[in-house]
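J.: Got a sequence here, can you build the structure:
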Amino acid sequence: MTTLTTIVSVSITRATTTPTRVGFGIPLITAYHTVFPERYRLYTSVADMVTDGFATTSAAYLAASAVFAQTPRPSTLAVGRTANDQVMTVNITPNSADLRASYAYKVYHNGVEAKYTTDATPTVAEICAGLAGALDPSAWSGTTAYAVGDHVTNDTAPVKIYICTSAGTSAAAGGPTGTGSGITDGTVTWNYVGPKSSITATDNTTYVSVAADTVPDKFRLYGVNADYDLLHFADVTADGTPNGIVADLTAIRAQYDDFYAILPTNQGKAVLSALAAGVEAMSPNKTMICSSPDNETYDSTSTTDIAATLQTAGYDRTMYTYHYKANTQFPCAAWAGRCLPEDPGSITWAFKSLSSVDVMKLSDTHTTALEGKDANYYVSISGVSITLNGEVSGNEFYDIIRGTDALEQRMKEYVFTQLANDGKIPYTNNGIARVEARVRQALKEFTVDEANPERLLTNNPAPEVFVPDVSAISDANKGLRILPDITFTANYAGAVHRVQITGTISL
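T.: Sure thing, here's the model as predicted:
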């Protein structure tokens, strides 16, 4: 198939980095669902998604909500349907080096608290068993001794989870019902916790593996700020074999390819790794903006977490963010929603406030480890909620990647338009000058001037364009009607992320 790329070839090299590829468009959310049979639909609001049949608790809806909650925000986004997802699985591992006695370990599953309070001599196995029981409790039984903190399921429409608040022996029949607190059951007292979800929490002694019953049963699971270092969360959802996320994206692109940033809702390490590798090789250019709850990413000694894996691969086209509520608030989608409407190269992606995303309380040790792996994060500094640092895994800034992609695309469009609109461009110095003018036009649109001080390229020094004289071009290229050796040089305007000030004050 003949494309713009095969007619007009532009290769812009970022000094000290590898050449970029081409592409620019709107965000694409990838999610497993059965709402529509085609591979994608375009949406201008989440209300339209509900009309189509998306549940307000679905991953696609939550990610789209994060995009549309921002100011500014994209006017349109695409929702792509994946079909090769595997059962969502998240492992929770207690930190064996920091076991807290008489401490309430808490996790939240689909917004419902699951809590286990340790005894005076806690062990990893004890915490795993306690959390597994809280996440997937056994059914209530009659004439049974229950201790404070025990969880059971009972009642119907839906089945509900209850926690024991006063120890005793349950009644012979019945059990707790309703959604209240202080529910009397024999000599036991129960409080309603929430509806039972469709998951299985398995006690593996050293960690708790939380898995959905079926592929469609995506869930939201996170801890609390205070427990960052006490419980390790890792999304270990497998990628499909032999067909996985890359095959899904290929199928989506066959129907719709006018997008730029891919926002995956499947946050398994294997899935993100496979997708990042696929995105790196795509033409026209695409990028991936992703996040996960894998808090091993802020452990400087870890070399196998998702951030370390992406960094080791040197992926230039993937921007990863750690967030403990990644599968609930989708900070990657919020970040894309906030920044994609801005002109490429006109903003840095750092220092941006995101609506509907919680800031994290990270220590200097945590942030140093994250930055060491080219991972991003969202925190509050001096009361201002901001993103840091807007870097891709290949140690480049995302605004540079995106701005360069847009410049390449604009240059191709201008040169192609000249080719298409002229009767012909003669193979003369005059004809070469027409092409040169289009190259200069594209560069000018991306270069700083008085009216536009926040653009991709600096005007000091200004970009320069070099074209060959027609007499220096080979007969072979003339015979093939190929115009070679048009080159230019330019410098990025960049952005200030850190400021150092030294002063002296004297009497």
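J.: For the spatially most central residue of the chain, give me its contacts.
T.: Central residue of the chain (CA atoms, centre = their mean): Cys290, 1.8 Å from the mean position. Cys290 makes contact with Leu263, Pro264, Gln267, Leu272, Leu275, Ala276, Thr318, Met319, Tyr320, Thr321, Cys332, according to CB atoms under 8 Å, 6 or more residues apart in numbering. No exception for glycine: its C-beta is placed from N, CA and C like everyone else's.
J.: Can you give the contact residues for the helix or strand encompassing the first one?
T.: With secondary structure defined by DSSP states H and E, Leu263 is part of strand 259-264. Strand 259-264 has contacts (CB under 8 Å, 6+ apart) with 23-30, 63, 67, 78, 245, 249, 271-272, 275, 279, 285-290, 330, 332-333, 336, 340, 402, 405.
J.: Pairing partners for that strand, with directions?
T.: strand 26-32 (parallel), strand 287-292 (parallel) (DSSP bridges).
J.: so can I have CSV of those strands showing mean pLDDT and distance to Lys412?
T.: Formatted as CSV, these follow (pLDDT from 0 to 100; distance: least, CB to CB, whole Å):
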stretch, mean pLDDT, distance to Lys412
strand 26-32, 96, 19
strand 287-292, 98, 18
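J.: wait, which of these is closest to Val435?
T.: For the strands paired with strand 259-264, proximity to Val435 was assessed by CB to CB; strand 287-292 is nearest, at 28.7 Å.
J.: Would you check that Trp349 makes contact with Asp399?
T.: Yes. Counting by CB atoms under 8 Å, Asp399 is a contact partner of Trp349 at 5.6 Å.
J.: Residues that sit against both of the two, list them.
T.: Joint contacts of Trp349 and Asp399 (CB under 8 Å, 6+ apart) are Gly390.
J.: where are the low-confidence patches of the chain?
T.: The chain contains residues with pLDDT under 70 at 1-25, 226.
J.: how is this structure carved up into domains?
T.: 4-85+240-398, 89-235, 427-507 (automatic domain parsing).
J.: Buried deepest among those, which one?
T.: Neighbour counts (mean count of other CB atoms under 10 Å) averaged over each of those peak at domain 4-85+240-398, with a mean of 20.
J.: what about it, distance to the chain center?
T.: 4 Å (CA atoms, centre = their mean, to the nearest Å).
J.: Please save the CA atoms from the helix or strand where Val210 lies in CSV.
T.: Element membership for Val210, per DSSP H and E: strand 208-212. Once non-C-alpha atoms are left out, strand 208-212 reads as follows in CSV (Å, rounded to 0.1, in the frame of the first residue of the first chain):
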residue,chain,number,x,y,z
VAL,A,208,-1.8,-13.5,48.2
SER,A,209,-2.8,-14.0,44.6
VAL,A,210,-6.0,-12.1,43.8
ALA,A,211,-7.5,-13.4,40.5
ALA,A,212,-10.8,-12.7,38.7
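J.: next structured bit after it?
T.: Following strand 208-212 in sequence, per DSSP H and E, is strand 221-222.
J.: ok so, going back, can you list the domains of the chain in JSON lines and add distance to Leu419?
T.: Converted to JSON lines, those look like this (distance: least, CB to CB, whole Å):
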{"stretch": "domain 4-85+240-398", "distance to Leu419": "7"}
{"stretch": "domain 89-235", "distance to Leu419": "47"}
{"stretch": "domain 427-507", "distance to Leu419": "8"}
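J.: Which one of those domains lies nearest to Phe416?
T.: Between these, domain 4-85+240-398 lies closest to Phe416; by CB to CB that is 5.0 Å.
J.: what about the strands in the stretch 51-200 of the chain?
T.: 77-82, 89-94, 104-109, 112-117, 138-139, 145-146, 151-154, 160-166, 168-169, 183-185, 188-195, 199-203 (DSSP state E, counting those that start in this stretch).
J.: which residues sit against the fifth one?
T.: Put plainly, it is strand 138-139. With CB under 8 Å, 6+ apart as the criterion, strand 138-139 contacts Val152, Thr153, Asn154.
J.: Could you save these as JSON lines and add columns showing distance to Val124?
T.: Listed next are the contacts of strand 138-139 as JSON lines, based on distance: CB to CB, whole Å:
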{"residue": "Val152", "distance to Val124": "24"}
{"residue": "Thr153", "distance to Val124": "25"}
{"residue": "Asn154", "distance to Val124": "30"}
